[in-house]
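Student: got a structure for you, letters missing:
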């Protein structure tokens, strides 16, 4: 059974870990906070059992969770006697933190281990600058909630080898997801740039009192065939995450697609982070 490591047990890291163990991989999930690891495992147990009861997976939660190991540091994770075939960094959108983690990981893995980042906005090539072997490094941009969203962007950095890129594409397919290959490494990649353009105008309309988030979401669903509306998407992703993506994309100096209405900033300041906090544009 192939083993991988996921660094970061937050909303995205836990979701990625769940789909990996569902797909038959053994996963070592690491985080510096014990409570995050415990919450991630508890949330997975509930999610997996619901999926099993609805016929989404054949196995019950217990045998699937048996493929999950947790560790409170990267070093502890690497003390496992298992050979680690791939590592996915899934911490929040902080470029310096990601670079520090990736450089640390690179010193502890074998030459053939695939390295990946779940960044949603930072160019893979910028993160790869912290590595001695950027050719084995690829972007895997999952969308949240990961167990429900079928899409993953596979991003090829300037130094990413074709072998690593194809490994990333194949890995995503093994998870039952649809990979979109991104061979031009730019801030926000493809999907976040498209979403940002639409969401900017949505925020402007709310900020000017032209429409409510509920009306806009309904309009995008019923008028344009979106599965869920943009404000619900933002709530699901986490408004703090959306704000970090905004800042990261704007810091590139290349684009300015987000609204200046300030409604995301206000929500985050008030602790209304979306689904994960119980309240965002909607109450949960």
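Tutor: That came through, no problem. These numbers were taken from a predicted model, which means no experiment stands behind them. Residues are numbered from 1 along each chain as shown.
Student: mind listing the strands for the stretch 51-200 of the chain?
Tutor: Under the criterion DSSP state E, counting those that start in this stretch, the stretch 51-200 of the chain carries strands at the ranges 68-71, 84-89, 114-117, 137-142, 151-155, 178-182.
Student: Buried residues in stretch 63-79, which are they?
Tutor: Residues of stretch 63-79 classed as buried by neighbour count (16 or more other CB atoms under 10 Å): 64, 65, 67, 68, 69, 70, 71, 74, 77, 78. Every residue, glycine included, has its C-beta placed from N, CA and C.
Student: wouldn't the first one be in contact with residue 20 here?
Tutor: Translated: residue 64. No. Distance between residue 64 and residue 20: 10.2 Å, which falls outside the contact criterion (CB atoms under 8 Å).
Student: Confidence-wise, which helix or strand of the chain is lowest on average?
Tutor: helix 239-251 (a mean of 85; mean pLDDT, DSSP states H and E).
Student: Which positions in it come out as buried?
Tutor: Across helix 239-251, burial judged by 16+ other CB under 10 Å covers 239, 240, 241, 242, 243, 244, 245, 246, 248, 249.
Student: from those, which is closest to residue 272?
Tutor: Relative to residue 272, the closest of the buried residues of helix 239-251 is residue 239; by CB to CB it sits at 6.8 Å.
Student: Next up, the contacts around that closest one.
Tutor: Listed by CB atoms under 8 Å, 6 or more residues apart in numbering, the contact set of residue 239 reads 264, 267, 268, 272, 273, 274, 280.
Student: Go through those and flag which are in helices.
Tutor: Among the contacts of residue 239, the members falling in helices are 264, 267, 268 (criterion: DSSP state H).
Student: want to try TSV for these, with neighbour count as columns?
Tutor: As requested, the ones in helices among the contacts of residue 239 are exported to TSV (neighbours: other CB atoms under 10 Å):
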residue	neighbour count
264	21
267	22
268	20
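Student: how close does residue 125 sit to residue 185?
Tutor: 5 Å (CB to CB, to the nearest Å).
Student: joint contacts of these two?
Tutor: Residues touching both residue 125 and residue 185 comprise 157, 158, with contact defined as CB under 8 Å, 6+ apart.
Student: List the buried residues in whichever strand or helix holds residue 38.
Tutor: With the criterion set as DSSP states H and E, the secondary-structure element containing residue 38 is helix 34-53. When neighbours are counted by 16+ other CB under 10 Å, the buried residues of helix 34-53 are found to be 36, 37, 40, 41, 44, 45, 47, 48, 49, 51, 52.
Student: picking that back up, can you lay out the ones in helices among the contacts of residue 239 as JSON lines showing pLDDT and distance to residue 14?
Tutor: Supplementary listing: the ones in helices among the contacts of residue 239 in JSON lines, determined by pLDDT from 0 to 100; distance: CB to CB, whole Å:
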{"residue": "264", "pLDDT": "93", "distance to residue 14": "23"}
{"residue": "267", "pLDDT": "97", "distance to residue 14": "22"}
{"residue": "268", "pLDDT": "96", "distance to residue 14": "21"}
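Student: Check which helices and strands the strand or helix carrying residue 17 sits against.
Tutor: Secondary-structure element containing residue 17, defined by DSSP H and E: helix 11-22. In this structure, helix 11-22 packs against strand 3-7, strand 26-30, helix 34-53, helix 61-65, strand 137-142, with contacts taken as 3 or more CB pairs under 8 Å, 6 or more residues apart in numbering; DSSP states H and E.
Student: Distance from the chain centre to the longest one, please.
Tutor: This points to helix 34-53. 17 Å (CA atoms, centre = their mean, to the nearest Å).
Student: quick one, that helix and strand 3-7 angle?
Tutor: Here helix 34-53 points in a direction 130 degrees away from that of strand 3-7 (axes from the mean of the first three to the mean of the last three CA atoms, to 10 degrees).
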